[in-house]
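[1] generate coordinates for the sequence data below:
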Amino acid sequence: MQEKAAGDWATNRTTVALAPNPTTNTPTGFGTWVDFLNDFRNTFITTDDSADARRQLLNIKQTGTADDYNTQFRSLVTCSNISDKNALLSQRL
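    Modelled structure (predicted):
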C-alpha cells in the first residue's frame, strides 16, 4: 500500500492517527480493527445499487402473495432507475 490511491489512503490514515489529540496531546490512534475495515471498505469498495436492483429484476420470482411480489417489484424498479415502462413489461409477465 505504497503507491497510487492505496498509498495516499495509507499516508492520510497514518497522518490522522499520529496527529495529536487536542485535549490530551497524545496521538489520536488508528482505532479498532472494525474501524480500519469500515474505512477501507468505504474507500475502496463501491456499490452500484441500481445495477444490483436491475440484476435482481432479471431473477425475480413470486414466492409469496401477489401483493408481496408487487411490493418487491416496485421497490426494485425504483432502485433500478429504469424509467422505460416497456423495458419493465417483460419482467411482469
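
[2] so how far is stretch 16-34 off the chain centroid?
    Offset of stretch 16-34 from its chain centre (Cα atoms, centre = their mean, to the nearest Å): 27 Å.

[3] my bad, should have said stretch 13-32
    Relative to its chain's centre, stretch 13-32 lies at 27 Å (Cα atoms, centre = their mean).

[4] name the helix or strand of this protein that has the lowest mean pLDDT.
    Ranking every helix and strand in the chain by mean pLDDT, DSSP states H and E puts helix 85-92 at the bottom, with a mean of 66.

[5] can you list the domains in the chain?
    4-44, 49-92 (automatic domain parsing).

[6] next, format the ones you listed as a markdown table and append mean neighbour count.
    Just so you know, the C-beta spots here come from the backbone N, C-alpha and C atoms, and that holds for glycine as well. A markdown table is the format used below for these (neighbours: other Cβ atoms under 10 Å):
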| stretch | mean neighbour count |
| --- | --- |
| domain 4-44 | 11 |
| domain 49-92 | 12 |
